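Chemist: A predicted structure for the sequence below; I have some questions about it.
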Amino acid sequence: MHADRTNRVILGLLGLLLLAAGTAGILAGTDVLGATVDHQHLTANPVAEFIGTNSVWFWPVAAVIGVIVAVLALRWLITVLMPARRAATIVVPGDRSAGSTTLESRALSDALTAEVETYRGVRSARAWVDGNPSDPRLNLAVGIDEDADLVVLRHRIETEGLTHARQALDRPDLPIRLEMNVTGHQSSRVG
């Protein structure tokens, strides 16, 4: 799981929820919501009465839900803190009767980086392979000049550089993560 976008959404929603709860608590403690609200007990409400009436089954269910949430939170934390393992070699598919063919992932990364850095509008490129050797994933981060044509450049990267990488591995379905970052520089290259 690539967690960047998911993390931002979940943490943003959690932040908004906590902001709303804190604001409601502050407003309830003042006269903004009326004089009756700020003198009520926290447990004097229908939810607390329901929990009190159904406490025989409610608390075990709440405990199970709490354990599930804790396990999901732990999985999320491990995913965020443990980076994907980089693959040192890649197993090239094909006939294995005479043995298997492997490719150093660094060779693929260096070749792809060298090719993409020659494209007009590219300031820098960095490629790496993660996953396991028989099921790799290629990652490419490209720094782009601010005046580059993003649509044309992305099309060229996908149809040339990434296609060459897939062909080299004989994996037309190789998963690739492309990240394009616009830098604050204008291109100094001509051509």
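Modeler: That came in fine, so what should we check first?
Chemist: What are the buried residues along whichever strand or helix holds Val151?
Modeler: Secondary-structure assignment from DSSP states H and E places Val151 in helix 150-156. Buried positions in helix 150-156, judged by neighbour count with 16 or more other CB atoms under 10 Å: 153, 156. Backbone N, C-alpha and C define where each C-beta goes, glycine included.
Chemist: Does anything pack onto that helix? Which helices or strands?
Modeler: strand 176-182 (3 or more CB pairs under 8 Å, 6 or more residues apart in numbering; DSSP states H and E).
Chemist: What strands flank the strand it packs on, and is each parallel or antiparallel?
Modeler: With DSSP bridges as the test, strand 176-182 is paired with strand 135-144 (parallel).
Chemist: and the protein, what are its domains?
Modeler: 4-81, 89-182 (automatic domain parsing).
Chemist: Please enumerate residues in contact with the worst-scoring helix or strand of the chain on mean pLDDT?
Modeler: Of all helical and strand segments in the chain, the minimum by mean pLDDT, DSSP states H and E falls on strand 89-92, at a mean of 72. For strand 89-92, contacts defined as CB atoms under 8 Å, 6 or more residues apart in numbering pick out 100-105, 108, 129, 133-134, 136, 169-170.
Chemist: can you give me how far it is from the chain middle?
Modeler: From the chain centre to the centre of strand 89-92 is a distance of 25 Å (CA atoms, centre = their mean, to the nearest Å).
Chemist: which element is Ser124 on?
Modeler: Counting by DSSP H and E, Ser124 is part of strand 122-132.
Chemist: Give me the longest helix you can find in this protein.
Modeler: Secondary structure of the chain per DSSP state H: the longest helix is helix 55-81.
Chemist: Quick check: buried residues in it?
Modeler: Buried, per 16+ other CB under 10 Å, within helix 55-81: nothing.
Chemist: as a whole number, average confidence for that helix?
Modeler: Helix 55-81 comes out with an average pLDDT of 91.
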